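Engineer: using only what follows, build the 3D model:
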Amino acid sequence: MMTRMVILPFDRPEWSPLPNPGCRGVVARVLLREPHLFVAQLQFDEEATIHEHAAPWDIDVFCLDGRGFVLSASTESEFVAGQRIRWPAGVTHCLRTEASTMSTLMMEHLQALPNDITMKV
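Structural biologist: Sure thing, here's the model as predicted:
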């Protein structure tokens with residue numbers, strides 16, 4: 001049986017500053033917006049920050065380049081290229097940089113996948 005390949009167009013994302021009060025020096029571009037998943041790339045300038053907040057869903061963040069700091073549940077750690085963090089739903093978190101820049105990929109899991117779908121890693 002032959003599987004049909006489907007290639008779909010998507011809008012070319014534009015970089016835009018994060019609109020939330022308390023965010024500074026961070027621009028983002030949305031790569032995917034689906035009912036169950038939101039994916040964006042973030043670029044942090046030096047001395048940039050995303051405000052401290054909690055989300056009602058799990059969030060995975062991958063540090064692609066550079067270095068910064070992550071805050072999760074009142075504990076701060078250095079966050080460098082090649083590392084990943086998951087913030088569970090409801091956990092207060094933030095990202096920031098000091099004397100360096102950072103590029104990240106953020107995946108927000110907006111709702112659970114149906115039970116009959118198995119994710120293969």
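Engineer: tell me where the model's unsure across this protein.
Structural biologist: Scanning the chain for pLDDT under 70 picks out the ranges 1-2, 112-121.
Engineer: how about 80 then?
Structural biologist: 1-3, 10-13, 111-121 (pLDDT under 80).
Engineer: grab the most central residue of it for me.
Structural biologist: residue 106 (1.4 Å; C-alpha atoms, centre = their mean).
Engineer: so what does the residue nearest to residue 96 when sequence neighbours are not counted look like in phi/psi?
Structural biologist: In this structure, residue 96 finds its nearest non-sequential neighbour in residue 49, 4.1 Å apart by C-beta to C-beta, 6 or more residues apart in numbering. (C-beta placed from N, C-alpha, C; glycine too.) Main-chain torsions, residue 49, degrees, to the nearest 10: phi -150, psi 150.
Engineer: how many residues are close by residue 49?
Structural biologist: When neighbours are counted by other C-beta atoms under 10 Å, residue 49 registers 21.
Engineer: burial count for residue 97?
Structural biologist: Neighbour count of residue 97, defined by other C-beta under 10 Å: 20.
Engineer: pretty sure it contacts residue 70?
Structural biologist: No - in this structure, residue 97 is not within contact of residue 70 by C-beta atoms under 8 Å, at 10.8 Å.
Engineer: fine, thanks again, bye for now.
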